[in-house]
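**Q** attaching a predicted model along with its sequence, questions to come.
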Amino acid sequence: MLTYDLPKSGGPLYYALYRSLRDDIAAGALRAGEKLPSKRALAEHLGVSVVTVETAYQMLAEEGYIRSRERSGYYVRAIGAAPSAPAAGAAGRAPLRLLPEEEPGPGAADFPYSLWFKTLRQVMTEQGRRLVDRSPNEGCAVLRNAIARYLLRYRGMFAQPEQIVVGSGSEQLYQAVVRMLGPERTYAVEWPGYGQIEAVYRGAGARVVRLDMGPDGVESGALAAAEADVLHVTPFHSWPTGATAPAAKRYEYLAWADRPGRFIVEDDFDSEFSQRGKPLDTLYALDDRGRVIYLNTFSKSLAPSMRMGYMILPESLLETYRERVGMYSCTVPALEQYALAAFIDQGHFERHLNRVRRRQRPE
């Protein structure tokens, strides 16, 4: 008869019995073909319920350690030689090496905690089951509508909600651009610039060329000589140079795109915090030929952990996007989308931006 000193606390008894039997089978203490005690006999011997033994036997059978023979009982199966060393991470082998927990970053100081959590509670109360439904692939309509209203009201940018695609941050949106326009195109990026842009494009199989930066944006000579189909620029506070493109440079970018097959990706991640009063006109707002794809995220304007961004597509690209990218799911949870929509529509987002701008304003 098997003899096991099962623990009376610290975990389910069926699991402790399963572990003991499994370890004995792996170590060869229970040999292939050996019959195990009946469920009732082992339960009485160990002082546990028959259900406890039955559950342990079922787990062992499902994992291939034992097999059941009709009207005969359970028998040990041959599993081959056990590894000579314990598997990495096996319980009881070594203490866990816990990682140091992160300290709050500088962006946490400006985050409007009370308003955000109040909005979350409100949305959970009012929306109920909508929050557990699957988000549409382009994002929830409530957030796309809120973004369209905000852009028109605060930025003077007109975009139909159907042109807006919600994604989990800028890198996912960069990938969507390549899927939509195709990796066979050549993508031009600012140099020096934000390295993740080039990394994502190259990772998606696209050819990338670097264009030298000047004090007001991409140097005119480099732009004119660029053999590229897509120009990715950050007209406001390009990183790491800090260059902001004046009106003349912005029109130069648009003129570059005034050829068939060319597009501009406008990365506008920092412009809400412009200290010049009304934010500068975006390339998207100046474009009258549908050549600009506009990207922005809430990671800078709200918090780094707010992994939500959006892309505005020219109407001419909507069908292409649906055909090539429309099958990919939106990975932003519906709860966060509904909460952000309410946060924007109730004016909290714009008031937050104004507070941060005032705080950052030079004395």
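**A** Received the coordinates, thanks. Numbers count the residues shown, from 1 in each chain.

**Q** centre-most residue in this protein?
**A** Nearest residue to the geometric centre of the chain (Cα atoms, centre = their mean): residue 168, 4.6 Å.

**Q** what about the helices in this structure?
**A** 13-27, 39-46, 50-62, 113-127, 141-150, 170-181, 195-203, 220-225, 247-256, 283-286, 318-324, 334-345, 348-360 (DSSP state H).

**Q** buried ones in the last one, by neighbour count?
**A** The neighbour-count criterion (16 or more other Cβ atoms under 10 Å) identifies 348-349, 352-353, 356 as the buried residues of helix 348-360. Glycine gets a C-beta too; all of them are placed from N, C-alpha and C.

**Q** repeat for stretch 64-75
**A** 65-66, 74.

**Q** tell me the one of those nearest residue 57?
**A** Each of the buried residues of stretch 64-75 was checked against residue 57 using Cβ to Cβ; the closest is residue 74, at 5.5 Å.

**Q** give me the number of residues near the closest residue to that closest one other than its chain neighbours?
**A** Spatially, and ignoring its direct neighbours in sequence, residue 74 is nearest to residue 36 (4.4 Å; Cβ to Cβ, 6 or more residues apart in numbering). For residue 36, the neighbour count with other Cβ atoms under 10 Å is 20.

**Q** cool, and residue 335?
**A** 16.

**Q** isn't it up against residue 122?
**A** No: if you go by Cβ atoms under 8 Å, residue 335 and residue 122 don't touch, sitting 11.7 Å apart.

**Q** hmm, residue 79 is touching residue 64, no?
**A** Yes: if you go by Cβ under 8 Å, residue 79 and residue 64 touch, sitting 6.9 Å apart.

**Q** tell me which of the helices of the chain lies nearest to residue 269.
**A** The closest of those to residue 269 is helix 170-181. By Cβ to Cβ, the value is 6.7 Å.

**Q** so how far is the one helix or strand in the chain whose mean pLDDT sits lowest from its chain's centroid?
**A** The helix or strand of the chain with the poorest confidence is helix 348-360; it has a mean of 88 (mean pLDDT, DSSP states H and E). The chain centroid and the centroid of helix 348-360 are separated by 26 Å under Cα atoms, centre = their mean, to the nearest Å.

**Q** what's the separation between the residue nearest to residue 220 when sequence neighbours are not counted and residue 290?
**A** Distances taken as Cβ to Cβ, 6+ apart put residue 252 closest to residue 220, at 6.6 Å, once the chain neighbours are dropped. As judged by Cβ to Cβ, to the nearest Å, residue 252 and residue 290 stand 18 Å apart.

**Q** these two: which is more packed in?
**A** More neighbours surround residue 252 than the other of residue 252 and residue 290, with 17 against 14 (other Cβ under 10 Å).

**Q** from memory the more buried one sits against residue 219, does it?
**A** No: with contact defined as Cβ under 8 Å, residue 252 does not count as touching residue 219 (10.5 Å).
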